[in-house]
Every structure is written in C-alpha cells, then in structure tokens.
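*Asks:* dropping the sequence and predicted coords here.
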Amino acid sequence: MMPITRNDLEILIDFPDQTDYVVSAFADLTVRDGFRRFAETELANIVRQAGAALSEAEASRALDEHMGPILQAVEHAEPSSKGLAAFSAPGRGLFHVMQLAFPVGNKLVLDEEPYVLPLLERWYGAPSYLIALVDSHELHLFEAHSGRTERIAGLNKEVPTEIQRDKPWFTYKKRFNHTWHERQQRLTNDEFLRAVADVISEHFRSTSPTGLILLGQPPTTAAVRRLLHKEAAAAVVLEHSQAMRSQPKTADVEDDVVRAIEAWKRAERDRLLGELEQRWARGHLVANGPTEVLDALQQGRAYEIVFGSSRAMPGSRCRSCGYRFGAPTVQCVYCGGRASMVDAAQEIMKMALSQRIASVHLLDRPDGRAPDPLERAHGVAALLRAEANWAPATSPEGR
Ligand SMILES: [Zn+2]
C-alpha cells in the first residue's frame, strides 16, 4: 500500500484552465457483513442516478467513457486497500488511480477540476513521521503513516553490510555502501553515528514526512541530531528517551509513536489557538474566513492556515484571471470575468500545497460536543506575515 505522495496530489491540482470534465471517484473498499466491496454496485448506482439527473449530453457521455476503466480499477484493487480514488479525464491524458490505506465513502464528482478534498484532508490531517530508534550500535528506522507504522530500514555497527543488505528494507545510498565496503572494519562511534545520520537524512529526503521523531538515550539522539542534514534536523518534532530493546519491532515503537504524535498534535493545537487568540484580541495579522484566507494566500501573506471541524465553504473561481473567492460569486470583481463555483476549503488546501509557503492544520473538536474552535472565524483562519497592502474590494482596473 502506497501512502499518498505529494506527486499524486500535484498531478491532480496542477491544471491550467480547462473546460472538459474530470470524473473523480472514491470507493469504499472496507469489509462489511463479511463481504468486501459494495463499492462497484454503489458507484454504478450513483452513475445511473447522475445520468438520469444530468440533461447535458456532454456530462452523460463523459460519465460513460470514464466509468468503465474506473469500475475496473475498483474490481482489481489490492485486497489490502481500504479505499480507492480514481480520476479520469481522457481529453487531458489523465487517468490516475490511488489505492488508499484509509476508508473513504463512495462518492462521484463530475467537475472541471479533480475533487481531491478527501486526499488533502488526509494529507494534512494524518501527518506522516519518520521514527529513528537509535543507540550506539543500532539504528531502526520506522515510518508512521495513516495510522500504520512500518519498519523501513536498519543499520547495525557490528554487522557487515553484505549481511544487512539481504533484508529487503535495507536501502540506502550507493555512495554510503561503497565507503562502507572499502572499510569493512568496525566503525568508530563517531563514524557509526555519522552513518546513522546519513541514512536518516536520505530517507527523510526521499519520503518527505511531516516530521522526524528521534528515540534513544538523550546524548545519542542529541549527537545524531547535530549530524543530520539541515532539512532533516529542522524537521525533528520530538526527541524521546527510550532504551533499545533487542530486535525492536513495529509494536515496540507504536505506543511511543502514538504518544509522540498525540503530544505533538496537542502542542500544535495549543500553540495555534494561543497564537490565534492573541491576534484576534489585537485584530492584527490574522485572516478570518474563507474570503480573507484566500486573499492572503493569493498575495503570499499567509504562512499557517488553521481549519476547524467544518469544511462546508462554497466559493468561486474566476475563469479568466483565476482569482479565487471565498464565497459564491458570478462575476470577478478584478477582471469582470465569469466565475464558476468551487469548494473554497479545497481551493485553500490546494493553494497551500502548491505554493509550499503555507502549512495547513486541521483542528477537529477534541470531543464531538465541544464547539468548533474556529467558529468565530467561519471555519478557517490564517496567520499572516503582513497586512494587506491593497484593498481587495477595489478593482485594479477601476471597473
Ligand atoms: Zn478575474
């Protein structure tokens, strides 16, 4: 099972303006009543209903040519998949299937752009972590993603690489292998920790997790942290003291991972809500609601975006200049072009993902009954690095 990758999302959100249809299909592949997969039947039913409801010939033809391959992908999905997402637009050369490690509801969306909100919510709401459990002789590297933890690599100071290499999860750069082979003798402590830092850094670079967790005795993790490559070192979200057990397994670190992730989430929640409260009190450097957040993103002023528990945010996007609005509008106030309806929550997350300058946080209710912490900001707020230097309600062309 592959986790969602940035590339998966970028394929789907990086479209110039198009007018043909994209069919986005989500299939629930979990087991119910001992049977798996009502998805094919349910999706086919949705198609029939949609076909009856759509009067536009173009839309129903689009459904016909898209759905065959999508239903086939559902039929041939890996048994371990919990869900499937498929995006089809033959006119753009797009047919993209993703098998998901998390459940999704059966859903079909026919629009000019792929509907990727469930993937973006997962991307931002279920962060992935690289976890390194290390002592002076061993490194065990784990990856936690979508609630699953897997061991992905290891390194042992006493065991030559030829022996370690026969394990399928043992993958690291050839350059490093080569120097190791040249030596063949046992590494000094410094050399071992440097090798550990290299392996962690290489994995960090290739998997781009949300954060890095270092587990081990404090002097060792501190030393490794200093030796990490710059971007990996900056991504350390937690250093936990933990003794090395003999042959640690996924289950041995899972509790620590869950605890670490929960602690990190709580700290992030407190930090973000604390920061928002201060800015709300001063009425300064904060964007409230989909319209202000989209303005700030489009002006490059937003650096952290905070969603509450609601995602119901109808918005619009100008077909001529591409400007996004956090409310439905027919005509663009900037260029006078025609605007079409979009999902503003999806637009905010898409812009944040492609700009790479803003991070997105999803703060659900701690329990189902507590109020939405972002209610006063209409569901979404952004921390800003600068106030607007122009009034968004005025057309630059004076129209
Ligand atoms: Zn416009």
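*Replies:* Happy to help now that I have it.

*Asks:* only C-alpha atoms from now on, for both contacts and neighbour counts.
*Replies:* Noted.

*Asks:* measure Asn156 to the ion for me?
*Replies:* Computed as C-alpha to the ion, to the nearest Å, the Asn156 to the ion distance reads 59 Å.

*Asks:* so that residue bridges to which residues?
*Replies:* Glu138 (DSSP bridges).

*Asks:* so it sits right up against Leu139, yeah?
*Replies:* Yes - counting by C-alpha atoms under 8 Å, Asn156 does reach Leu139; the two are 6.4 Å apart.

*Asks:* between the two, who's got more neighbours?
*Replies:* A count of neighbours by other C-alpha atoms under 10 Å puts Leu139 above the other of Asn156 and Leu139, at 25 against 17.

*Asks:* pretty sure that one contacts Glu158?
*Replies:* No - contact criterion C-alpha under 8 Å: Leu139 and Glu158 do not qualify, at 11.5 Å.

*Asks:* measure how buried the residue lying closest to Ala27 once chain neighbours are set aside is and give me the count.
*Replies:* Among residues not flanking Ala27 along the chain, Asn106 sits closest, at 4.5 Å (C-alpha to C-alpha, 6 or more residues apart in numbering). For Asn106, the count of nearby residues is 19 (other C-alpha under 10 Å).

*Asks:* Asn106 and Ala234, how far apart?
*Replies:* 39 Å (C-alpha to C-alpha, to the nearest Å).

*Asks:* Met341 in helix, strand or coil?
*Replies:* Look at Met341: counting by DSSP: H, G, I helix; E, B strand; the rest coil, its state is strand.

*Asks:* for the nearest residue to it once chain neighbours are set aside, what are its contacts?
*Replies:* Spatial nearest neighbour of Met341, chain neighbours left out: Ser316 (4.3 Å); criterion: C-alpha to C-alpha, 6+ apart. Contact analysis of Ser316 by C-alpha atoms under 8 Å, 6 or more residues apart in numbering lists 324-329, 339-344.

*Asks:* got a list of what Lys82 touches?
*Replies:* Here Lys82 is in contact with 28-30, 99-104 (criterion: C-alpha under 8 Å, 6+ apart).

*Asks:* the residues you listed: which ones sit near the ion?
*Replies:* Of the residues in the contacts of Lys82, proximity to the ion by C-alpha under 5 Å from the ion holds for none.

*Asks:* of these - the most surrounded one?
*Replies:* Top of the contacts of Lys82 by neighbour count (other C-alpha under 10 Å): Leu29, with 30 neighbours.

*Asks:* that one and Ala312, how far apart?
*Replies:* Relative to Ala312, and taking C-alpha to C-alpha, Leu29 is found at 25 Å.

*Asks:* next, Ser316: secondary structure please.
*Replies:* strand.

*Asks:* please begin residue numbering at 38 from this point
*Replies:* Yep, numbering from 38; the last one is Ser353 now.

*Asks:* with adjacent residues omitted, what lies nearest to the closest residue to the ion within the stretch 138-287 of the chain?
*Replies:* Proximity of the stretch 138-287 of the chain to the ion (C-alpha to the ion) peaks at Glu149, 17.1 Å away. Excluding the flanking residues, the one nearest Glu149 by C-alpha to C-alpha, 6+ apart is Tyr58, at 4.8 Å.

*Asks:* my read: the one you found touches Leu147, true?
*Replies:* Yes - if you go by C-alpha under 8 Å, Tyr58 and Leu147 touch, sitting 6.5 Å apart.

*Asks:* neighbour count winner among the two?
*Replies:* It is Tyr58, of Tyr58 and Leu147, that has more neighbours when counted by other C-alpha under 10 Å, with 22 against 19.

*Asks:* quick one on the thing from earlier: out of the contacts of Ser353, which comes closest to Ala260?
*Replies:* Nearest to Ala260 among those, counting by C-alpha to C-alpha, is Ala381 at 44.7 Å.

*Asks:* wait, what's in contact with the closest residue to the closest one other than its chain neighbours?
*Replies:* Excluding the flanking residues, the one nearest Ala381 by C-alpha to C-alpha, 6+ apart is Gly352, at 4.6 Å. Residues near Gly352 by C-alpha under 8 Å, 6+ apart: 327, 361-366, 378-381.

*Asks:* and if you look at Leu178?
*Replies:* Contacts of Leu178 by C-alpha under 8 Å, 6+ apart are 167-170, 188-191, 237.

*Asks:* distance from the chain centre to the helix or strand hosting it, please.
*Replies:* Per DSSP states H and E: Leu178 is located in strand 175-182. The chain centre lies 20 Å from the centre of strand 175-182; the measure is C-alpha atoms, centre = their mean, to the nearest Å.

*Asks:* what does stretch 384-391 give?
*Replies:* Distance, centroid of stretch 384-391 to centroid of chain: 11 Å (C-alpha atoms, centre = their mean).
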